[in-house]
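> With the input below, show me the fold.
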Amino acid sequence: FLAVSPRGTRTLRFVNYFGEQRFGSARHGRGFAARHLIRGEFEEALKLIIATPSRKDSHESKLVKRTLEANWRGCTELATMLPKGPDKSPARRLRASNIESRSAFAALPSFIQRMTVEAYQSWLWNEIARRVVAERCAAPFIGISTKFGRLAFPRGAELPGAIADLVIPLLSSKSSLEAPWRSATEEVLGSEGIKIGELRVPGLRAPYFGAVPRALFVDATEFSLGPLEHDESIEGKRMFKRRLRFFLPRGSYATVLLRALGGEARGSS
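All right, here's what the predicted structure looks like:
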């Protein structure tokens, strides 16, 4: 949605999805560790966090994670062999019992624990937002497939009044579900097999699912899109580029705006 002010400046409004970089803790492709945490499955969560290598991990990180993955039940002895890092303390505490697995998770640096929960919260938010857009906005949509799900961006000059300034919170166990995002939230939680009151980490005060408000739409101000220009050739193929300029508020993602500009028009999300 592109608006032009009386002064000639342009604002581009788009769906305020979280970018894929928010989901780095799940980039190994085996799901979100927080799904296990809310069920009290601390050992399974730990395996995903410290013993599941990703293609984008550094060489050193891959070696550590592969070593832990191959020797998981011997982690207590293995801890003395690991270099200093966030994996060493959890490995030292890990045992077969779930109680000590919880202690091992709690030994992770607090920022890793927090990111593990926030990644899952953000993914849930994206899924809810996509459904709200699909339900409330007119087709066709710009549909984008990503590694972490599908995104839908509405086309048109106006947004329905009921959602133009809608704020949807990141979910917590105490969130009060409200229209017009209630049905979408229930659908997403149902597909995950969880209830709103289960969004917590049992037995630990932190990390926790905090209810943080987030606007469904965000404005890229002073937006400009330059003319088509020639770019450097790649493998003999002629390439072109266009220069973008815009400002975004804190917490929004330029990568998402680029997704919105580069998608294919579709009739549904």
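
> so how far is stretch 39-54 off the chain centroid?
Taking C-alpha atoms, centre = their mean, to the nearest Å, one finds the center of stretch 39-54 at 18 Å from the center of the full chain.

> Just checking: what are the partner strands of whichever strand in the chain runs longest?
Looking across the chain with DSSP state E, the single longest strand is strand 217-225. Strand 217-225 has the following strand partners under DSSP bridges: strand 10-15 (antiparallel), strand 244-247 (antiparallel).

> following the lengthiest helix in the chain, which helix or strand comes up?
Longest helix of the chain, by residue count under DSSP state H: helix 110-136. Sequence order places strand 141-146 as the next helix or strand after helix 110-136, per DSSP states H and E.

> coming back round to it: centre of the chain versus the longest helix of the chain, how much separation?
6 Å.

> In that helix, which residues are buried?
Neighbour-count burial for helix 110-136 flags 112-113, 115-134, 136 (criterion: 16 or more other C-beta atoms under 10 Å). The way it works is simple: take the backbone N, C-alpha and C, and place the C-beta from them, glycine included.

> Can you lay out the strands paired with strand 217-225 as CSV showing distance to residue 165?
CSV is the format used below for these (distance: least, C-beta to C-beta, whole Å):
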stretch, distance to residue 165
strand 10-15, 11
strand 244-247, 19
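
> Go through those and pick out the most buried.
When the strands paired with strand 217-225 are scored by mean count of other C-beta atoms under 10 Å, the highest mean neighbour count falls to strand 10-15 (a mean of 19).

> Restricting to C-alpha, output whatever helix or strand comes next after it in CSV.
Counting by DSSP H and E, the next helix or strand C-terminal to strand 10-15 is helix 33-37. Output in CSV follows, covering the C-alpha atoms of helix 33-37 (Å, rounded to 0.1, in the frame of the first residue of the first chain):
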residue,chain,number,x,y,z
ALA,A,33,13.2,-26.2,20.6
ALA,A,34,10.5,-24.2,22.4
ARG,A,35,7.9,-26.7,21.2
HIS,A,36,9.7,-29.3,23.4
LEU,A,37,10.2,-26.9,26.3
